[in-house]
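K.L.:
Sequence and computational prediction follow.
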Amino acid sequence: MDSILVGISSCLLGNLVRYDGAHKYHSYIERTLGQYFQFRAFCPEVEAGLGVPRPAVQLRDIGSHIRVVGVKDHSLDVTEALRETAEKQSPWLDGLCGYILKKDSPSCGMERVKVYKNDIPARSGVGVFADYLQQRFPTLPIEEEGRLGDPGLRENFIQRVFVRHRWRQMCQSPLTAHGLMRFHSRHKLIAMSHEQNRARELGRLIAEVRADNLDEIAQRYITELMACLKIVATRGNHVNVLQHIQGYLKRTIDSDDKQELVDTIESYRQGNVPLIVPLTLLRHHFRKQPDAFVDESFYMTPHPAELSLLNEI
Ligand code: SF4
């Protein structure tokens with residue numbers, strides 16, 4: 001597999017780029033995700049020429065405009081420098097499959113960054129670089145390091161990175177209607193586990209594809225797919241997908257095996273076992289009785305098993 005390029009706030013990799021010359025090393029990101037992702041570290045404040053060490057900055061609401069100004073010296077305004085720096089990064093940002101941002105930063109924070117108005121903080125801001133990233137690359141999977149501690153959000157982000165990577169791999173060759181339909185077929189069950197109505201819409205969109213609208217449909221498809229996958233998959237949707245997959249075994253397993261599957265899916269539905277348990281049982285049956293659609297579906301192996309992302313209850 002080609003390397004999966006993921007942008008990251010530089011301080012999270014242990015680089016000494018913070019305003020005080022320190023870092024915010026995150027071992028899970030570097031040691032675990034680093035085995036699968038190739039990181040491109042970037043510090044917008046250093047890139048903007050603010051130096052290390054540098055005066056700490058914060059978001060301030062000044063006359064209804066959000067500015068990035070010095071914590072001690074409000075006349076130090078680095079808003080434009082940060083915006084201009086962000087805009088110059090498009091060429092390499094365009095090649096990414098994901099981005100991990102440092103939370104709470106007036107440059108990198110993705111959400112709930114403190115905005116001061118008359119010295120009263122409100123958690124309503126977005127860092128200047130993070131804002132640019134989200135506006136300019138709406139289909140790029142973006143997450144904060146703090147939120148990666150939540151198993152559901154972590155799995156959601158990593159899955160989206162892998163999906164975007166597979167999309168980018170497909171787009172390295174000339175796009176064909178067959179290729180697009182196959183991509184959808186392999187991701188359909190994943191989409192269903194996130195949001196069933198959106199998954200159905202994706203199916204309808206793919207049914208419209210013709211030689212003369214291929215590029216337009218492909219663009220709409222990946223935009224809609226990534227929006228669908230941003231919705232965190234629910235236990236109920238997973239149960240529907242597992243039952244859907246089970247339907248492909250109807251004629252090939254006996255009643256005891258069928259009952260075992262029903263019981264295992266029910267156990268998952270009740271929160272007694274993690275998703276990996278019914279999935280493993282299904283994989284076992286499909287190894288013995290292969291089915292092209294299920295075997296090819298990335299729902300069965302969405303990301304490397306070593307990441308243990310499906311093992312949480
Ligand atoms: S600007 Fe971003 S990358 Fe640089 S130190 Fe602050 S949070 Fe880290």
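P.N.:
Looks like it came in fine. Numbers count the residues shown, from 1 in each chain.
K.L.:
any idea how far residue 304 is from the ligand?
P.N.:
Using Cβ to the nearest ligand atom, to the nearest Å, we find residue 304 at a distance of 27 Å from the ligand. No exception for glycine: its C-beta is placed from N, CA and C like everyone else's.
K.L.:
Now for that residue: which residues touch it?
P.N.:
Contact analysis of residue 304 by Cβ atoms under 8 Å, 6 or more residues apart in numbering lists residue 36.
K.L.:
same deal with residue 303?
P.N.:
With Cβ under 8 Å, 6+ apart, residue 303 has these contacts: 155, 158-159, 162, 309.
K.L.:
which of those are buried?
P.N.:
155, 158-159, 162, 309 (16 or more other Cβ atoms under 10 Å).
K.L.:
How far does stretch 262-272 sit from its chain's centre?
P.N.:
Centroid separation for stretch 262-272 versus its chain: 27 Å, with Cα atoms, centre = their mean, to the nearest Å.
K.L.:
that older thread, turn the buried ones among the contacts of residue 303 into JSON lines, columns for distance to the ligand and pLDDT.
P.N.:
Putting those into JSON lines (distance: Cβ to the nearest ligand atom, whole Å; pLDDT from 0 to 100) gives the following:
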{"residue": "155", "distance to the ligand": "24", "pLDDT": "97"}
{"residue": "158", "distance to the ligand": "21", "pLDDT": "98"}
{"residue": "159", "distance to the ligand": "25", "pLDDT": "98"}
{"residue": "162", "distance to the ligand": "24", "pLDDT": "98"}
{"residue": "309", "distance to the ligand": "26", "pLDDT": "96"}
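K.L.:
And the residues you listed, which is closest to residue 59?
P.N.:
residue 158 (29.1 Å; Cβ to Cβ).
K.L.:
What is the helix or strand that contains the closest one packed up against?
P.N.:
Element membership for residue 158 (DSSP states H and E) is helix 151-170. When contacts are defined as 3 or more Cβ pairs under 8 Å, 6 or more residues apart in numbering; DSSP states H and E, helix 151-170 sits against strand 4-9, strand 98-101, helix 177-194, helix 214-230.
K.L.:
Can you point out the buried residues in that helix?
P.N.:
Residues of helix 151-170 classed as buried by neighbour count (16+ other Cβ under 10 Å): 154-168, 170.
K.L.:
Would you mind listing the outside residues contacting that helix?
P.N.:
Contacts of helix 151-170 (Cβ under 8 Å, 6+ apart): 1-2, 4, 6, 33, 37, 97-98, 139-141, 143, 147-148, 179, 183, 187, 190, 222, 225-226, 229-230, 232-233, 298, 302-303, 307, 309-310, 312.
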